[in-house]
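Enquirer: With the input below, show me the fold.
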Amino acid sequence: MEATAAAAAPEPEVKDKIHWVLSLPFFGVHLVALSAFFVGFRWRDVAVCVALYYVRMFFVVTGYHRYFSHRSYKTGRVYQLLLAVACTTSAQKGPLWWAAHHRHHHRASDQVEDLHSPLQRGFWWSHVGWILSSKYEDTRFDLIRDFAAYPELRWLNKWHLVPPVLLAVALYLIGGTSMLVWGFFVSTALLWHGSFTINSLAHLFGRRRYKTADTSRNNWLLSLITCGEGWHNNHHYHQNTANQGWFWWEFDPAFYVLKLLSWLRVVSDLRLPTDAVKYAHLRYSDEERAGLRQPLVGLPAPQVSEAA
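Expert: Predicted structure coming up:
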């Protein structure tokens, strides 16, 4: 009886804390990126750095986020795989891991269960701390059953480091050490933090047009560095649209490219907000509008304990 009871006992829950050993590659990329000050400076390397930043940001935005997480448009199986491979060059783990955790974020945005809420755990944790925690190392397959049905995506999710490593090798063979450092390591570190600003800064700074159960905000500056993801309050109000900039002045280059791809019939059925959704804020009372303008204050200190 005792052996049976012991076998049935649940495993202890992994707490929210940074696993410093597992996080060594993350810090290693930043350390190598700093070597850019010593490997020399060539304009072509900087151009490759900027180009790979925005190209990979586009795939993170349109692939990991708007397609795999929210299914805001449709595409065929071939482009779906190519999209997933391009996404993994960002070194942000696999498509199933990324989308599953993002879906969980939307289920509990800024609530206690939210894995990266600045309201619950502070800026540092929401920006990067949660990624370094062993608690979120595994893929939540229960939240991504639709795409987990594809064996090629499951394989890529497991071997997600293959594309970024191949990219790094190609850059070294093309342009040597300096292109490797600038084109991969500097670009990747910038890409990581550019992406992470939506989890952190887009819940802290900007304007709120719509009433949501979280602190999401629209921020034009973040849209410039994330190919249109900065219209975050729009997104949290109605999350399944292929565009996040809903008005002509809301710059959303990722959507413009998706529109072009739809004309070329690479993607289809782009989901857009209806007028009832876009103009819902016009029905708010003065008190409701005043409430949306209230700044967020009193952020908690990050709740991170010692390493595992």
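Enquirer: For stretch 150-167, which residues meet the burial criterion?
Expert: Across stretch 150-167, burial judged by 16 or more other Cβ atoms under 10 Å covers 150, 153-154, 156-157, 160, 163-164, 167. Quick note: C-beta positions are derived from backbone N, CA and C, even for glycine.
Enquirer: from the residues you listed, which single one is nearest Val50?
Expert: Leu167 (15.4 Å; Cβ to Cβ).
Enquirer: From the structure, what's the count of residues near the closest residue in space to the closest one that isn't next to it in sequence?
Expert: In this structure, Leu167 finds its nearest non-sequential neighbour in Thr89, 5.0 Å apart by Cβ to Cβ, 6 or more residues apart in numbering. Around Thr89 sit 23 other residues, with neighbours defined as other Cβ atoms under 10 Å.
Enquirer: and if you look at Asp138?
Expert: So Asp138, with other Cβ under 10 Å, has 11 neighbours.
Enquirer: Just list the residues touching it, thanks.
Expert: Applying Cβ atoms under 8 Å, 6 or more residues apart in numbering, we find Asp138 in contact with Trp97.
Enquirer: and it, how far is that from Val21?
Expert: 17 Å (Cβ to Cβ, to the nearest Å).
Enquirer: and what of Ala47?
Expert: From Ala47 to Val21 the distance is 36 Å (Cβ to Cβ).
Enquirer: Identify the residues contacting stretch 40-58?
Expert: By Cβ under 8 Å, 6+ apart, stretch 40-58 touches 86, 89-90, 167, 171, 175, 178-179, 181-184, 186-187, 190-191, 194-195, 225-227, 253-254, 257.
Enquirer: Of Ala47 and Val21, give the one with the bigger neighbour count.
Expert: More crowded of Ala47 and Val21, by other Cβ under 10 Å: Ala47, with 12 against 9.
Enquirer: Just the pLDDT at that one, thanks.
Expert: pLDDT for Ala47: 97.
Enquirer: do the one 10 residues further on as well
Expert: Predicted confidence (pLDDT) for Met57: 98.
Enquirer: Which strand or helix spans it?
Expert: Here Met57, judged by DSSP states H and E, is contained in helix 43-59.
Enquirer: strand partners of the helix or strand just after that helix, parallel vs antiparallel please.
Expert: With elements assigned by DSSP H and E, the helix or strand that comes after helix 43-59 is strand 74-75. Within its sheet, strand 74-75 is paired with strand 267-268 (antiparallel), according to DSSP bridges.
Enquirer: Sort out which residues of the helix or strand following the partner strand are buried, please.
Expert: Downstream of strand 267-268, the next assigned helix or strand under DSSP H and E is helix 275-278. The neighbour-count check on helix 275-278 (16+ other Cβ under 10 Å) flags Lys278 as buried.
Enquirer: what's the distance between helix 275-278 and the middle of its chain?
Expert: 26 Å (Cα atoms, centre = their mean, to the nearest Å).
Enquirer: start at 23 instead
Expert: Fine by me, first position is 23 from now on; the one you just mentioned is helix 297-300.
Enquirer: quick one, the helix or strand containing Pro186 and helix 65-81 angle?
Expert: Pro186 is part of helix 184-202 when elements are defined by DSSP H and E. Computed by axes from the mean of the first three to the mean of the last three Cα atoms, to 10 degrees, the angle separating helix 184-202 from helix 65-81 equals 150 degrees.
Enquirer: ok, the closest residue to Asp164 other than its chain neighbours - how many residues close by?
Expert: Nearest residue to Asp164 in three dimensions, chain neighbours excluded: Ala122, at 8.0 Å (Cβ to Cβ, 6+ apart). Using other Cβ under 10 Å, Ala122 has 25 other residues around it.
Enquirer: residues touching Ala122, list them.
Expert: 161-166.
Enquirer: Would you mark the buried spots in the host helix or strand of it?
Expert: Per DSSP H and E, Ala122 falls inside helix 117-129. Neighbour counts over helix 117-129 (16+ other Cβ under 10 Å) mark 117-127 as buried.
Enquirer: Kindly report the same for stretch 142-151.
Expert: 142-145, 147-151.
Enquirer: Just the terminal-to-terminal distance for that stretch.
Expert: With Cα to Cα, to the nearest Å as the measure, stretch 142-151 spans 13 Å from end to end.
Enquirer: So what's the gap between that stretch and the chain middle?
Expert: 14 Å.
Enquirer: what residue ranges in the stretch 73-222 of the chain are flagged as low confidence?
Expert: By pLDDT under 70, the stretch 73-222 of the chain contains no weakly predicted segment.
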